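Trainee: Sharing a model prediction with you, sequence too.
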Amino acid sequence: MRAREERGILARSQFLSIQSSSSRIDGCTLWDRRPYERSEMTSILRSPQALQLTLALIKPDAVAHPLILEAVHQQILSNKFLIVRMRELLWRKEECQQFYKEHEGRFFYQRLVEFMASGPIRAYILAHKDAIQLWRTLMGPTRVFRARHVAPDSIRGSFGLTDTRNTTHGSDSVVSASREIAAFFPDFSEQRWYEEEEPQLRCGPVRYSPEGGIHCAARTGGPGPA
């Protein structure tokens, strides 16, 4: 029975791929590496050539099942996201409450907080030309029932259990991505990344390190200081 379930998970993972002409990472234009003022950083983040960053979370329900966790990780790679940073952690309840504070008072708030603090989660910083929208499309609708009907091959359509245990989370805007990345990766400097790492990752060559689970410029040993 277990072997049959594992084959089913692996089979479903093969269909979770978004084919889009926008999935190509290109537009190599190196920038002057001088320090940027805040107004200049805003311009960089909106540059059509720049890679966009987003936060992706793999929730406890998926991390608890290694095959599902690996299937989601492989979909990140097969859809040509660059993994900038990755970490696994156990979220404290107080941290969950702060992260979801905008939902405080809503009927699902306490249930969501309790669930997200119930076990290990995996956090990613992902980069792509249109990372926020591509990751949200790959995840599928928040409501699992809807995901199974309108996007059955999405991550949530394939692996989601309930609207709370729906496998993944993704930032919904550039502003929320910056805020959420800072919450999970407090030592990561978005400005420094755009100055030092983004041009190398965008222009390539890039290599993926299975040991660390991240991408880095092929001529370097790994990501620079955060």
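Mentor: That came through fine.
Trainee: C-terminal to the host helix or strand of residue 123, what's the next element?
Mentor: Residue 123 belongs to strand 120-128 when assigned by DSSP states H and E. Using DSSP H and E, the helix or strand that directly follows strand 120-128 along the chain is helix 131-139.
Trainee: which element follows the helix or strand of the chain with the lowest mean pLDDT toward the C-terminus?
Mentor: Every helix and strand of the chain was ranked by mean pLDDT, DSSP states H and E. The lowest is helix 38-45, at a mean of 43. Using DSSP H and E, the helix or strand that follows helix 38-45 in sequence is strand 52-58.
Trainee: sec struct for residue 80, please.
Mentor: coil (DSSP: H, G, I helix; E, B strand; the rest coil).
Trainee: I should have written residue 96 there, sorry.
Mentor: Residue 96 ends up helix, using three-state DSSP.
Trainee: pretty sure it is in contact with residue 117, am I right?
Mentor: Yes: applying CB atoms under 8 Å, one finds residue 96 in contact with residue 117, separated by 4.9 Å. Bear in mind the C-beta positions are built from the backbone N, C-alpha and C, glycine included.
Trainee: hmm, back to that, quick one, the strand holding residue 123 and strand 52-58 angle?
Mentor: Orientation check (axes from the mean of the first three to the mean of the last three CA atoms, to 10 degrees): strand 120-128 against strand 52-58 gives 160 degrees.
Trainee: what's the distance between the residue nearest the centre of the chain and residue 74?
Mentor: For the chain, residue 56 is the residue whose C-alpha lies nearest the centre (CA atoms, centre = their mean; 2.5 Å). Going from residue 56 to residue 74 by CB to CB, to the nearest Å gives 14 Å.
Trainee: what about residue 182, how many neighbours?
Mentor: Using other CB atoms under 10 Å, residue 182 has 14 neighbouring residues.
Trainee: Oh, that last question was meant for residue 188, not what I typed.
Mentor: 17.
Trainee: who's in contact with it?
Mentor: When contacts are counted by CB atoms under 8 Å, 6 or more residues apart in numbering, residue 188 touches 85, 125, 181, 182, 226.
Trainee: From the residues you listed, list the buried ones, please.
Mentor: 85, 125, 181 (16 or more other CB atoms under 10 Å).
Trainee: Could you give the backbone dihedrals for the first one?
Mentor: The reference is to residue 85. Here is the backbone geometry of residue 85 (degrees, to the nearest 10): phi -140, psi 160.
Trainee: Find the nearest non-adjacent residue to it, please.
Mentor: Nearest residue to residue 85, sequence neighbours excluded (CB to CB, 6 or more residues apart in numbering): residue 125, at 4.3 Å.
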